[in-house]
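**Q** coords please:
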Amino acid sequence: MSQATFLNRQALYLRPDPARVVVRPFGPTAQPRDLNPTEKTRANHVVDRVLSLAPETAASLMAEVLENFQGRHRHLLETFEARADDMEDAFASHSLFTRVQRQLVGAFFMHEYSFEAAALFNPSIVTHPDQTGAPEGGRRFILSLRAVGEGHVSSLTFRSGTIAADGSVAVDPSARLASIPKVRSRTPGPDGDVVELVFPPDEDISERVIFPVTESQSNGIEDARFVEFDEGGRRVFYATYTAYSGRAIRSELIETTDFVSFRMTPLRGSASHNKGMALFPRRIDGRYAMISRQDNENLYLITSDDLHTWDGGVPVLKPQFPWEFMQMGNCGAPIELDEGWLLLTHGVGPVRKYSIGAALLDKADPSKVLARSREPLVRPEPSEREGYVPNVVYTCGAMRLHDRIILPYAVSDTFSNFATIKIAALLGTMEG
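**A** Residues are numbered from 1 along each chain as shown. Coordinates of the predicted model:
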């Protein structure tokens, strides 16, 4: 059966928008304990210059800042004051500020960042926790995406939308504004900080952008693989993602029930030092289970009694067909079908061409492979080859709706699109 028989690509393109910006800390780090003496000295020089301004000059400058930036961000003055609070311990001898001076100090240590100026890609999709207004026979969803801006820093952003009963997909318009969350708590640990983040609940989900907040994430939060997890009757959304420090990678876990508050936790164990871990949507024989690539080539099944500790693993899938000879990886959490666990995979072939395939794993024992696709489900089309990284199609997670798989996928690490696949037709193409 040809790819066109069961794959329906939709003309729904999510492209990066450089006009979407957030304000972020600029200059010395937001954590005063991390400042070196040179940074502290420089910070104090800036404060000295602000305090040297006459009151009317400071007020005029603050008015100019607001005229330029207030319409582009929510609660800008409060944001400036919060940034000044962050810097408080770095100021050697300045304890008395007027409110305008504090706001100006905060403004000097912030900058606008176009978080998706370069790319908007590697999506994953889950059911929206609020199904109000869902189409009859359809579903509301949340889409997570990897956004890349200046300096190739990756962040996590979101969209919402609907899937109609016939499988057609619509994405809600994104909000004009965007914001980063407040750090509600930070708990140091032997493996790194555990951080809790919270967004204002009245903001649209497309406004929420999660930037690196720990040292291990400092150069990027990459490729979140979200899954709706059944935690003993309680629904929790987990995502594994790659934290990149600029020197090293490791897998971490994000947890939420409402996509308003989030908890980010480093993972432990030998398997956590690899990319591309994907969590099964429920326990298997009482244990958590993951699919992971541990040797940069093959896919492994790992099980654990502890959601945050992952060791060992058994090989499950190895490159078999030419389109995956170079390496394999998973494309998100396995999807439960009556026939077994549907695992989307990616393969790398000649000239580093990435394609998306699939395998069917035994439901009771996912280390057993029942069938796999001889040919890719999705491969770069001639019109989809150009971009930041040519010849790549990639996804971080699909979902099932009735008899279809809803598959968001990225094109050349630049923008994202959707396809739908009839499950019966897909299974009919797979070989044992």
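**Q** If Tyr300 is in a bridge, with which residues?
**A** Taking DSSP bridges as the rule, Tyr300 bridges to Ser292, Pro315.
**Q** From Ser355, how far off is it?
**A** Tyr300 sits 21 Å away from Ser355, going by Cβ to Cβ, to the nearest Å. C-beta: built from backbone N, CA, C; applies to glycine.
**Q** Ok, Phe141 next?
**A** Taking Cβ to Cβ as the measure, Phe141 and Ser355 are separated by 24 Å.
**Q** for Trp310, same thing?
**A** With the distance defined as Cβ to Cβ, Trp310 ends up 27 Å from Ser355.
**Q** how about the nearest residue to Lys368, chain neighbours excluded?
**A** Once flanking residues are discounted, Lys368 sits nearest to Asp362: 3.9 Å by Cβ to Cβ, 6 or more residues apart in numbering.
**Q** Quick one: neighbours of the one you found, just the number.
**A** Applying other Cβ atoms under 10 Å, we find 13 residues neighbouring Asp362.
**Q** isn't Ile406 right up against Met399?
**A** Yes. Because the distance of 5.2 Å satisfies Cβ atoms under 8 Å, Ile406 is recorded as touching Met399.
**Q** neighbour count winner among these two?
**A** Neighbours of Ile406 and Met399, each counted by other Cβ under 10 Å, are more numerous for Met399; the result is 23 against 19.
**Q** Quick check, pLDDT for the residue of the chain positioned farthest from its centre.
**A** Using Cα atoms, centre = their mean, the residue of the chain lying farthest from its centre is Ala54. It sits 45.3 Å away. Looking at Ala54, its pLDDT stands at 96.
**Q** For it, which residues are in contact?
**A** With contact taken as Cβ atoms under 8 Å, 6 or more residues apart in numbering, Ala54 is in contact with no other residue.
**Q** distance of it from Val227?
**A** Relative to Val227, Ala54 is positioned 57 Å away (criterion: Cβ to Cβ).
**Q** Ile405 too?
**A** When distances are taken as Cβ to Cβ, Ile405 and Val227 turn out to be 15 Å apart.
**Q** Same check on Glu112?
**A** Distance, Glu112 to Val227, using Cβ to Cβ: 33 Å.
**Q** Looking at the two, which is more packed in?
**A** Neighbours were tallied for Glu112 and for Val227 using other Cβ under 10 Å; the higher tally belongs to Val227 (23 against 14).
**Q** three-state assignment of the more buried one?
**A** Secondary structure, DSSP: H, G, I helix; E, B strand; the rest coil: Val227 is strand.
**Q** what does Asp89 give?
**A** The assignment at Asp89 comes out as helix when based on three-state DSSP.
**Q** give me the number of residues near it?
**A** Going by other Cβ under 10 Å, the residues that sit close to Asp89 add up to 12.
**Q** The helix or strand of the chain with the lowest mean pLDDT: what's the following helix or strand?
**A** Every helix and strand of the chain was ranked by mean pLDDT, DSSP states H and E. The lowest is helix 3-6, at a mean of 56. Helices and strands here follow DSSP states H and E; after helix 3-6, the next one along the chain is strand 7-14.
**Q** now that next one, how far from the centre of its chain.
**A** In terms of Cα atoms, centre = their mean, to the nearest Å, the centre of strand 7-14 is set 21 Å apart from its chain centre.
**Q** So Trp310 and Ser355 - more neighbours on which side?
**A** Higher neighbour count among Trp310 and Ser355: Trp310, with 27 against 23, using other Cβ under 10 Å.
**Q** pretty sure that one is in contact with Met277, am I right?
**A** Yes. Counting by Cβ under 8 Å, Met277 is a contact partner of Trp310 at 7.2 Å.
**Q** Common neighbours of the two, please.
**A** Shared contacts of Trp310 and Met277, defined by Cβ under 8 Å, 6+ apart, are found at 251, 267, 271, 290, 292, 302.
**Q** how near is the first one to Gly220?
**A** Here Ser251 is placed at a distance of 13 Å from Gly220 (Cβ to Cβ).
**Q** Can you check which residues contact both of those two?
**A** Taking Cβ under 8 Å, 6+ apart as the contact definition, Ser251 and Gly220 share the neighbouring residues 242-243.
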